[in-house]
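**Q** coords please:
(chains A and B)
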Amino acid sequence: MTADPSSPPGPGTTRLWGGRFGGGPSPAMAALSRSTHFDWRLAPFDLAGSRAHARVLRRAGLLTDDELTAMIGALTELSAEVADGTFAPVEADEDVHEALERGLTEKLGALGGKLRAGRSRNDQVATDLRLYLRHHVRALVGELSSLEFALLGLAERYQDVAAPGMTHLQHAQPVLLAHQLLAHAHAFTRDVDRLLDWDRRTAVSPYGSGALAGSSLPLDPDAVAAELGFDRATDNSIDGVSDRDYAAEFCFAAALVGVHLSRLGEEVVLWTSTEFGWARLDDAWATGSSIMPLK
Amino acid sequence: MEQLLLLLPAVTGMIATLTLRPEVLEAAAPQGFALATDVAEWLVRQGVPFRSAHEISGAMVAFCEQAGLELDQLDDDQLAGIDERLTPEVRSVLSVRGALAARKARGGTAPERVAEQLGALKELAAEHGRWSASSPVAAAL
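**A** The predicted model follows:
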């Protein structure tokens, strides 16, 4: 193994730190630090951030046009290989960022090592998670919209049907069944409203914050933010790189969706019971018991 | 996120294909003296304080339970026997349709309020569908 720091590292030697260390971490420490088994889902977003960062490095004069072209080409290739599974993390990769830098240097050699200038895994992961959530929250809202339409369709199909309204499972006052179904639809519209509001707050890019103080290189956080679909870059690098409010907020909003689904599920369980006999499930959406043939 | 994306299509499919049994629901709607609150509120409209109206309606339920009757099966004498303020006109509120139609303030279960909810919710659901259709991140991926 050559000691020349400018030569491209081979597989398994891509650790993003180590210059000031005499030896590598112990196996137990390496196992503790490894996160590719859960952060690999961030890979497409990390690569998107890398392309935006490469363009900013070019505009700062830190890459030539040719270098940028080669880098964007390699990053785009890597995106395709991540998507089809031909590029994946190996045991020695500490995290998604390190695995992808290994992939890049395998393609580009020493040029791959230029991309890391002016960024840290700290601002990378803070950005990646925002991108991952903002992208997938669209799919989530799409699914919630479909569920809203399903509830509205059911309410419309049985719009004039009266049902016993119940409290404590006792007959209380008659209601339209549609009224009760729409109660659930209202809950899901609030869930969506919460996610839309969350998205507005999450549309701030931490990229360019570095580990905490920003970078002395002439980078352009707003250009990165714009390319990645954020409204703007953070005003405070320390806050930008350390803020995980959006993750906690998302967990709450998602948990509440779960609670609302549970409430709806409980109604279906009751309504389809022999005692109630109000509704029948389509066979395509029911599963059976492994011991009781009647279920 | 991933769990919800797995779960939601199944819940939506289940709801979209659910078959309800209107005849069972309609038959069950008035059972269990479900119109007792409507009797109390009818008495209030006749000027009876709710505190007394609640007692009178409760006595009507107790009488029916003893006699094995539903609220709308009591004759004039039985009504007057429970309380003289229970005139035959009380029967006007002893129907499910009447009870539903009467709850017509905003948020109530009256058919016209429910129809309004449906309309407003459809617009919201469509708006949510439109919002979900494009990701600001997609172009960079």
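**Q** quick one, what contacts residue B:16?
**A** Neighbour list for residue B:16: A:150, A:153-154 [criterion: C-beta atoms under 8 Å, 6 or more residues apart in numbering or on different chains]. From N, CA and C alone the C-beta is placed, and that goes for glycine too.
**Q** For these, give me CSV that also has neighbour count.
**A** Listed next are those as CSV, based on neighbours: other C-beta atoms under 10 Å in any protein chain shown:
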residue, neighbour count
A:150, 21
A:153, 15
A:154, 23
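**Q** next helix or strand past the least confident helix or strand in chain A by mean pLDDT?
**A** Ranked by mean pLDDT, DSSP states H and E, the helix or strand of chain A with the weakest confidence is helix A:27-33, at a mean of 89. The helix or strand immediately downstream of helix A:27-33 is helix A:36-39, counting by DSSP states H and E.
**Q** if we look at that next one, which residues are touching it?
**A** A:89, A:93-96, A:99, A:125, A:128.
**Q** What sits closest to residue 113 if chain neighbours are left out?
**A** No chain specified, so I'll use chain A. residue A:105 (6.2 Å; C-beta to C-beta, 6 or more residues apart in numbering or on different chains).
**Q** hm, I was asking about chain B
**A** Excluding the flanking residues, the one nearest residue B:113 by C-beta to C-beta, 6+ apart is residue B:104, at 6.1 Å.
**Q** Pull the number of nearby residues for the one you found.
**A** Using other C-beta atoms under 10 Å in any protein chain shown, residue B:104 has 12 neighbouring residues.
**Q** Got the confidence number for it?
**A** Residue-level confidence at residue B:104 comes out at 94, pLDDT.
**Q** The one 4 residues further on now?
**A** Looking at residue B:108, its pLDDT stands at 96.
**Q** which SS class is it?
**A** Look at residue B:108: counting by DSSP: H, G, I helix; E, B strand; the rest coil, its state is coil.
**Q** before we move on, back to that, so the residue nearest to residue A:113 is in which element?
**A** Using DSSP H and E, residue A:105 sits in helix A:96-108.
**Q** which other helices and strands contact that helix?
**A** Applying 3 or more C-beta pairs under 8 Å, 6 or more residues apart in numbering or on different chains; DSSP states H and E, one finds that helix A:96-108 contacts helix A:36-39, helix A:43-59, helix A:65-83, helix A:121-157.
**Q** Restrict that helix to CA atoms and write it as CSV.
**A** Extracted as CSV, the C-alpha positions of helix A:96-108 are listed here (Å, rounded to 0.1, in the frame of the first residue of the first chain):
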residue,chain,number,x,y,z
VAL,A,96,-23.2,6.2,3.0
HIS,A,97,-20.9,9.2,2.4
GLU,A,98,-17.8,7.1,2.6
ALA,A,99,-19.2,4.3,0.4
LEU,A,100,-20.1,6.8,-2.3
GLU,A,101,-16.7,8.6,-2.1
ARG,A,102,-15.2,5.1,-2.6
GLY,A,103,-17.4,4.6,-5.7
LEU,A,104,-16.4,8.0,-7.0
THR,A,105,-12.6,7.5,-6.5
GLU,A,106,-12.8,4.1,-8.1
LYS,A,107,-14.1,5.8,-11.2
LEU,A,108,-12.1,9.0,-11.1
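**Q** Show me the contact partners of it.
**A** Taking C-beta under 8 Å, 6+ apart as the rule, helix A:96-108 contacts A:8-9, A:11, A:14-16, A:35-36, A:39-40, A:42-43, A:46-47, A:50, A:70-71, A:74-75, A:77-78, A:81-82, A:87-90, A:93, A:112-113, A:115-116, A:121, A:124-125, A:128.
**Q** what's the pLDDT at the residue sitting nearest the centre point of chain A?
**A** By C-alpha atoms, centre = their mean, chain A has its centre lying nearest to residue A:132, at 2.8 Å. You'll see residue A:132 listed with a pLDDT of 98.
**Q** how about the nearest residue to residue B:78, chain neighbours excluded?
**A** Using C-beta to C-beta, 6+ apart and skipping residues adjacent in sequence, the residue nearest residue B:78 is residue B:63, 7.1 Å away.
**Q** dump the residue contacts of that neighbour.
**A** Per C-beta under 8 Å, 6+ apart, neighbours of residue B:63: B:69, B:74, B:78, B:82.
**Q** go with 10 Å
**A** B:69, B:71, B:74, B:78-79, B:81-82 (C-beta atoms under 10 Å, 6 or more residues apart in numbering or on different chains).
**Q** now, which of those sits nearest residue B:138?
**A** residue B:71 (60.3 Å; C-beta to C-beta).
**Q** how near is that closest one to residue B:95?
**A** 10 Å (C-beta to C-beta, to the nearest Å).
**Q** Kindly report the same for residue B:38.
**A** 9 Å.
**Q** Please identify every residue contacting each of the two.
**A** residue A:174.
**Q** Got the domain ranges for the chain?
**A** As the question left the chain open, I've gone with chain A. Taking automatic domain parsing as the reference, chain A has its domains at A:30-117, A:123-279.
**Q** was after chain B, sorry
**A** According to automatic domain parsing, the ranges for chain B are B:2-102, B:106-133.
**Q** Alright, that wraps it up for me.
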